[in-house]
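Student: I would like the atomic coordinates for the input below:
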Amino acid sequence: MVLADRVAIVTGAGNGIGRAIALAMVRAGARVVAADVDGGAAKATADAAAGLGGKSLALDTDVGDLAAIDRMALRAVEAFGRVDVLVNNAGVTRRAGIMDLTEQDWDRIMRVNGKGVFFCLQRVAREMIPRGGGTINNIASVAGKGYVGASNAIYATSKGGVIALTRLAALQLARHKITVNAICPGVTVTALSEANLAVRARDEGVSAEEMRRRRDAVIPLGRANEPEDVAALAVFLASPEARNITGQSLNVDGGLVFD
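Tutor: Numbering: from 1, shown residues only. Alright, predicted model coming up:
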């Protein structure tokens with residue numbers, strides 16, 4: 001129970017990596033605020049947490065809306081008294097070539113992956129500073145390090161920004177005993193990634209099964225992530241054992257990127 005008595009907010013907790021992180025943190029002893037733009041999905045995660053014997057609060061939260069971010073932080077403190085951990089996981093993308101991307105794609109992706117991450121970090125840090133510290137984990141991507149299989153160039157740009165933000169935030173929040181790190185997943189099996197895989201398979205004229213085979217063949221360890229692979233690192237970085245790790249961008253990718 002390495003997170004016993006800690007309070008964690010996980011954004012994008014309704015599905016995929018966010019859901020896996022929220023439940024892993026509950027198993028590790030944390031009380032978890034499951035925040036998601038889909039309130040029903042957030043509630044499903046909170047219900048699953050309750051089934052594990054944990055305490056959880058579901059919040060309908062659009063991280064692109066500063067008022068919603070403020071409500072999220074206030075509700076977390078009202079429910080559990082403080083916030084010790086923030087996992088900035090909410091993110092969006094779509095599979096597209098650079099010449100097919102639009103202004104609407106830029107605004108949608110940057111609103112969540114850029115603006116949302118920054119202002120969630122800033123708002124929750126305001127709760128952590130008076131309490132003497134905390135841990136912030138930003139979910140970036142190997143796409144932000146130049147991975148050639150990125151879903152699109154805007155998504156890669158947003159995740160590169162998350163990595164840069166992580167480093168600067170780690171430096172500026174260190175005096176407040178707040179650690180800030182980025183987790184950079186590689187290919188991870190989620191509903192979103194499967195939808196992107198289906199688009200790629202259609203574009204290349206092959207079956208989804210063949211596309212999965214090709215995907216896994218270029219991963220040195222031969223397998224894509226399960227969400228739980230990413231969740232395990234998120235739990236470690238939120239634990240006391242990681243107290244002297246900050247400003248890092250750590251890959252979980254089966255060896256796709258060595259950086």
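
Student: Now do the domain split for this protein, please.
Tutor: As recorded under automatic domain parsing, the domains making up the chain are 7-188+228-251, 189-224.

Student: Mind telling me which of the ones you listed the model trusts least?
Tutor: Here the domains of the chain differ in mean pLDDT, and the lowest is domain 189-224 at a mean of 90.

Student: Quote the end-to-end distance of that one.
Tutor: According to C-alpha to C-alpha, to the nearest Å, domain 189-224 extends 7 Å from its N-terminal end residue to its C-terminal end residue.

Student: List the buried residues in that domain.
Tutor: For domain 189-224, the neighbour count (16 or more other C-beta atoms under 10 Å) marks 189-190, 192-193, 196-197, 200-201, 211-212, 215, 219, 224 as buried. For the C-beta atoms, the positions are set from N, CA and C on the backbone; glycine is no exception.

Student: for those residues, which one is nearest Phe118?
Tutor: For the buried residues of domain 189-224, the closest approach to Phe118 (C-beta to C-beta) belongs to Leu192, at 21.5 Å.

Student: What is the helix or strand containing that closest one packed up against?
Tutor: Secondary structure here is read from DSSP states H and E; on that basis Leu192 sits in helix 191-204. Helix 191-204 is packed against helix 208-217, with contacts defined by 3 or more C-beta pairs under 8 Å, 6 or more residues apart in numbering; DSSP states H and E.

Student: hmm, who's touching the helix it packs on?
Tutor: Contacts with helix 208-217, where a contact means C-beta atoms under 8 Å, 6 or more residues apart in numbering, come from 149, 187, 194, 197-198, 200-201, 204, 206, 222-224.

Student: give me that answer again for 6 Å
Tutor: Surrounding helix 208-217, the residues in contact under the criterion C-beta atoms under 6 Å, 6 or more residues apart in numbering are 187, 197-198, 200-201, 222-223.

Student: Now do the strands in the stretch 51-200 of the chain.
Tutor: Using DSSP state E, counting those that start in this stretch, the strands of the stretch 51-200 of the chain run over 56-60, 85-88, 134-139, 178-185.

Student: and the gap between the residue lying closest to Val189 once chain neighbours are set aside and Leu23?
Tutor: The shortest distance from Val189 to any residue other than its chain neighbours is 5.3 Å, reached at Ala224 (C-beta to C-beta, 6 or more residues apart in numbering). Counting by C-beta to C-beta, to the nearest Å, the gap between Ala224 and Leu23 amounts to 20 Å.

Student: now do Asn181
Tutor: Between Asn181 and Leu23 the distance is 20 Å, computed by C-beta to C-beta.

Student: and the gap between Asp216 and Ala68?
Tutor: Applying C-beta to C-beta, one obtains 38 Å for the distance of Asp216 from Ala68.

Student: does Ala28 really touch Asp5, like I thought?
Tutor: No. Taking contact to mean C-beta atoms under 6 Å, the distance of 11.0 Å between Ala28 and Asp5 leaves them out of contact.

Student: So for these two, which residue has more residues nearby?
Tutor: Neighbours around Ala28 and Asp5, counted as other C-beta atoms under 10 Å, are more numerous at Ala28. The numbers are 22 against 10.

Student: who's in contact with that one?
Tutor: When the contact criterion is C-beta under 6 Å, 6+ apart, the partners of Ala28 are 2-3, 235.

Student: what two of the contacts of helix 208-217 are the furthest from one another?
Tutor: The largest separation in these, counting by C-beta to C-beta, is between Ala198 and Gly222 at 21.7 Å.

Student: Show me the residue sitting in the middle of this protein in space.
Tutor: With distances taken as C-alpha atoms, centre = their mean, Asn89 lies nearest the centre of the chain, 2.1 Å away.

Student: Quick check: that residue vs Pro227, distance?
Tutor: Distance of Asn89 to Pro227, computed by C-beta to C-beta: 10 Å.

Student: which residues do those two both contact?
Tutor: Common neighbours of Asn89 and Pro227, counting by C-beta under 6 Å, 6+ apart, are Ile17.
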